[in-house]
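Engineer: Attaching a predicted model along with its sequence, questions to come.
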Amino acid sequence: MAERFGGRFSPGSGPLPGAPVTRAPAPAKPPRHRLEGRPFWLVLCGAPLLFTGFGDGPAQLATDLAAFAAIALSAWMTREGLRAEAAYDARRTARRPAIPRKALGAGLLALGVGLAAYPPENGLVGTVILAALAAALNLLAFGLDPTRNKGMEGIDPFQQDRVARVIDEAERHLAAMKDAITRTNDRRLLARVDMFAATARELFHAVETDPRDLTAARRYLGVYLMGARDATAKFADHWAATRDASARSDYEALLSDLEANFTARTQSLIDGGRDDLEVEIEVLRDRLAREGVVAREIVDQTGK
């Protein structure tokens, strides 16, 4: 899609005269696994199967086409497993993937290689060996799926599920904001929305770390983001029709106010967690003192 050029001297793109020049941070990118593009080579390796079955009868043709389909599906499943692993690694707390996609990809690759190597001269044992080697090499190249939950020790699973649902909804609001502001074809506005999204995700991370903070942050994750989404959609439509500089200034001021509020709420949650920790330490010190135990490590950490 063509994108309108927006440089320093383009109308509506540069800062206003006399305004301080600030450098916008790079837009936040979704997590990406370093091996995500490599499963595509499996499809290329299996591509000859699309042609080898012609001239050998319908049974061989069907077998070769089924083998290619299994290999292609294996590549897709493996790539989805790598994406799920990247999302798992990017979050402070995360559940293990419900579906072991990389393991399924290895199984599908074994099936595809087995079908491709099934001619009678290879024998059943040879076919099984080749299929097992293909599955093993797939797992060796791309690794196993995450097998355990991360950062969820001592956290109520029901509460964690509530947090996950709320944050998923909040991410959809941010995605809708990005889609709406993209219609303006203005790089400065795109970067501005990315800055706000990065600030909002700091609050997401704080709530993920301690799901008990969900009640205090729920209005920010729901009502405020929904309002920001709707305001962005209305501004994008208005800007496309009028190029109203006053409306642009008001919208940027709204994002600044939202950023300030989200930052303050995030810091409040962090400070609240620190206060709770200090209370727990004090209670533990008193209990150890009553038991006649000197908690040297705790004294060193608190400085008391």
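Structural biologist: Sure, I can see it.
Engineer: I'd like the distance between the spatially most central residue of the chain and residue 50.
Structural biologist: Nearest to the geometric centre of the chain sits residue 87, at 4.2 Å (CA atoms, centre = their mean). Distance, residue 87 to residue 50, by CB to CB, to the nearest Å: 33 Å. Every residue, glycine included, has its C-beta placed from N, CA and C.
Engineer: okay, and the helix or strand of this protein with the least pLDDT?
Structural biologist: Ranked by mean pLDDT, DSSP states H and E, the weakest helix or strand in the chain is helix 296-302, scoring a mean of 47.
Engineer: and residue 147, how many residues sit next to it?
Structural biologist: Using other CB atoms under 10 Å, residue 147 is surrounded by 8 other residues.
Engineer: That one is in contact with residue 95, isn't it?
Structural biologist: No: Residue 147 is not in contact with residue 95 according to CB atoms under 8 Å; the separation is 11.2 Å.
Engineer: where does the residue nearest to the centre of the chain land on pLDDT?
Structural biologist: In this model, residue 87 is scored at 80, pLDDT.
Engineer: thought it was touching residue 31?
Structural biologist: Yes: between residue 87 and residue 31 there is a contact at 5.5 Å, judged by CB under 8 Å.
Engineer: which residues are common contacts for these two?
Structural biologist: Shared contacts of residue 87 and residue 31, defined by CB atoms under 8 Å, 6 or more residues apart in numbering, are absent.
Engineer: Poorly predicted segments of the protein, please.
Structural biologist: Along the chain, the model assigns pLDDT under 70 to residues 1-30, 55, 92-93, 119-122, 151-158, 272-304.
Engineer: let's go with 80 and repeat that
Structural biologist: Counting by pLDDT under 80, the chain contains low-confidence ranges at 1-32, 52-57, 90-95, 118-123, 149-161, 208-213, 270-304.
Engineer: Show me how it divides into domains.
Structural biologist: In terms of domains, the chain is parsed into 40-142, 157-302 (source: automatic domain parsing).
Engineer: Pick the most buried one from those.
Structural biologist: Greatest average neighbour count among those goes to domain 40-142 (a mean of 17), per mean count of other CB atoms under 10 Å.
Engineer: end to end, how far does that domain reach?
Structural biologist: Counting by CA to CA, to the nearest Å, you get 13 Å between the two ends of domain 40-142.
Engineer: Make 34 the first number, not 1, from now on.
Structural biologist: OK, 34 is where the count begins now, so the last one is domain 73-175.
Engineer: my read: residue 228 touches residue 292, true?
Structural biologist: Yes: Residue 228 is within contact range of residue 292, at 7.1 Å (criterion: CB under 8 Å).
Engineer: Show me what stretch 107-120 is in contact with.
Structural biologist: Against stretch 107-120 from outside (CB under 8 Å, 6+ apart): 64-66, 68-69, 72-73, 75-76, 127, 130, 133-142, 144-145, 171, 175-176, 178-179.
Engineer: distance of residue 92 from residue 106?
Structural biologist: From residue 92 over to residue 106 (counting by CB to CB), the distance is 21 Å.
Engineer: sorry, that was for residue 130
Structural biologist: Note on residue 130: its distance to residue 106, by CB to CB, is 17 Å.
Engineer: same check, this time on residue 265
Structural biologist: Taking CB to CB, one finds residue 265 at 38 Å from residue 106.
Engineer: could you pull out the helices for the stretch 84-233 of the chain?
Structural biologist: With helices called from DSSP state H, counting those that start in this stretch, the stretch 84-233 of the chain shows them at 91-123, 134-149, 156-175, 190-215, 220-242.
Engineer: Please read the previous query as pertaining to the stretch 234-337 of the chain.
Structural biologist: 247-252, 258-275, 278-323, 329-335.
Engineer: my guess is residue 123 meets residue 65, correct?
Structural biologist: No: the pair residue 123 / residue 65 is not scored as a contact, 9.4 Å apart, by CB under 8 Å.
Engineer: Specify the local secondary structure of residue 69.
Structural biologist: coil (DSSP: H, G, I helix; E, B strand; the rest coil).
Engineer: So for it, what's the nearest residue that isn't a sequence neighbour?
Structural biologist: Nearest non-adjacent residue to residue 69, counting by CB to CB, 6 or more residues apart in numbering: residue 115, 4.9 Å away.
Engineer: next one: residue 94
Structural biologist: Excluding its sequence neighbours, the residue lying closest to residue 94 (CB to CB, 6+ apart) is residue 86, at 3.6 Å.
Engineer: OK, contacts around the one you found?
Structural biologist: Counted by CB under 8 Å, 6+ apart, residue 86 has contacts 93-98.
Engineer: wait, what's in contact with the nearest residue to residue 146 once chain neighbours are set aside?
Structural biologist: Closest residue to residue 146 apart from its sequence neighbours, by CB to CB, 6+ apart: residue 167 at 4.0 Å. For residue 167, the contacting residues are 139, 142-143, 145-147, by CB under 8 Å, 6+ apart.
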